[in-house]
Every structure is written in structure tokens, then in C-alpha cells.
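# Generate coordinates for the sequence data below:
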Amino acid sequence: MAPWCGPCKMEIPDLVELRKTIPQDQLAIVAISYVSQDNSEEVVRQFVQQNGTFNYPVAAVDKAILPAPLNAVEYIPCTFWIAPDGTLKITTVGVVPLSDMKALVKAAANKVTPTNLDLPLDSGKAGRMMFRLALDYY
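The predicted model follows:
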């Protein structure tokens with residue numbers, strides 16, 4: 001999501017495709033970028049405008065205003081999969097392929113717990129500061 005985050009940028013097309021295939025009334029996607037001295041609101045705004053492919057909201061926020069665990073991300077990209085009742089179901093770190101994203105959404109819709117999933121999720125390695133927040137609600 002940030003101009004300096006290669007893995008975040010790699011996920012953008014898959015998140016755009018996920019939004020195209022799953023209606024907004026079944027899946028909410030919100031990208032959040034931590035504001036810092038090097039990653040200002042203006043930097044995020046310019047990146048979103050230059051990229052031009054986002055079909056989901058992008059916000060630049062001070063992480064201090066976010067609740068835990070959303071304010072404690074150390075590696076990016078990081079995705080929080082949150083159930084309609086607000087419970088955190090799974091957190092993924094690193095690039096998650098579109099097929100895995102779809103499987104996670106399908107599992108949530110079928111009330112499958114993350115421990116029953118058989119997905120090769122990346123253990124993650126990358127910088128800090130930005131993460132994706134995916135909320136599924138039905």
C-alpha cells in the first residue's frame with residue numbers, strides 16, 4: 001500500500017479482484033496505513049491517486065487511535081480477518097494469494113474455524129507500518 005512496501009503493492013490487485021468478486025454487503029475491505037514522519041497522509045493520498053486501481057477505501061491514520069491488536073502491527077502486509085460479531089478470526093502476515101483470500105472468506109461464511117483451514121499461509125517478512133483490515137459481515 002505504501003510506495004515503499006513491495007509486498008503491500010503486490011497484494012493490491014488481488015484485493016481489487018476480491019472486491020470485484022465478493023459484493024460489499026458480504027465483505028468489507030478497508031486498507032489502513034499508519035501515519036509517520038515518512039508516511040504522511042499526503043504521501044498515502046498521492047499513492048492512491050497515482051495507483052488508480054483501488055475499489056475499496058484507504059485510510060491514513062495515527063496508530064495510537066486504533067484499538068489493539070490493530071495498533072501493534074510489526075510486519076506488513078498484515079491482514080486481520082474479523083467476523084461480523086467483531087471477533088478476530090485469523091491474522092495473516094505476508095502476501096496472501098487471491099485463492100487463499102477467497103478460501104478464508106468462504107470458510108468464514110461456512111463458519112469454519114481457522115484451525116480447520118488447510119492453507120499455505122505465508123509466515124511474512126517485510127517492513128512495518130501498513131496493514132490491511134478485512135471485515136466480513138453477513
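
# List phi and psi for the residue of the chain positioned farthest from its centre.
For the chain, the largest distance from the centre (C-alpha atoms, centre = their mean) belongs to Q37, which lies 22.0 Å off. The phi/psi pair for Q37 (degrees, to the nearest 10) reads phi -60, psi -40.

# quick one: it from V43, how far?
10 Å (C-beta to C-beta, to the nearest Å). (Glycine included, C-beta is placed from N, CA and C.)

# do the same with V95
22 Å.

# Pull the longest helix along the chain out as PDB, backbone CA atoms only.
Assignment by DSSP state H gives helix 6-21 as the longest helix of the chain. Written as PDB, here are the backbone C-alpha positions of helix 6-21 (Å, rounded to 0.1, in the frame of the first residue of the first chain):
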ATOM      1  CA  GLY A   6       6.600  -4.000  -2.300                       C
ATOM      2  CA  PRO A   7       4.600  -6.900  -0.700                       C
ATOM      3  CA  CYS A   8       1.800  -4.500   0.100                       C
ATOM      4  CA  LYS A   9       1.700  -3.300  -3.600                       C
ATOM      5  CA  MET A  10       1.800  -6.900  -4.700                       C
ATOM      6  CA  GLU A  11      -1.500  -7.600  -2.800                       C
ATOM      7  CA  ILE A  12      -3.400  -4.600  -4.200                       C
ATOM      8  CA  PRO A  13      -4.500  -6.300  -7.500                       C
ATOM      9  CA  ASP A  14      -5.700  -9.400  -5.500                       C
ATOM     10  CA  LEU A  15      -7.700  -7.200  -3.100                       C
ATOM     11  CA  VAL A  16      -9.200  -5.300  -6.000                       C
ATOM     12  CA  GLU A  17     -10.200  -8.600  -7.600                       C
ATOM     13  CA  LEU A  18     -11.600  -9.900  -4.300                       C
ATOM     14  CA  ARG A  19     -13.700  -6.800  -4.100                       C
ATOM     15  CA  LYS A  20     -15.000  -7.400  -7.700                       C
ATOM     16  CA  THR A  21     -15.900 -11.000  -7.000                       C
END
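
# which residues in this protein form strands?
Assigned by DSSP state E, the strands in the chain fall at 28-34, 58-61, 78-82, 88-93, 130-135.
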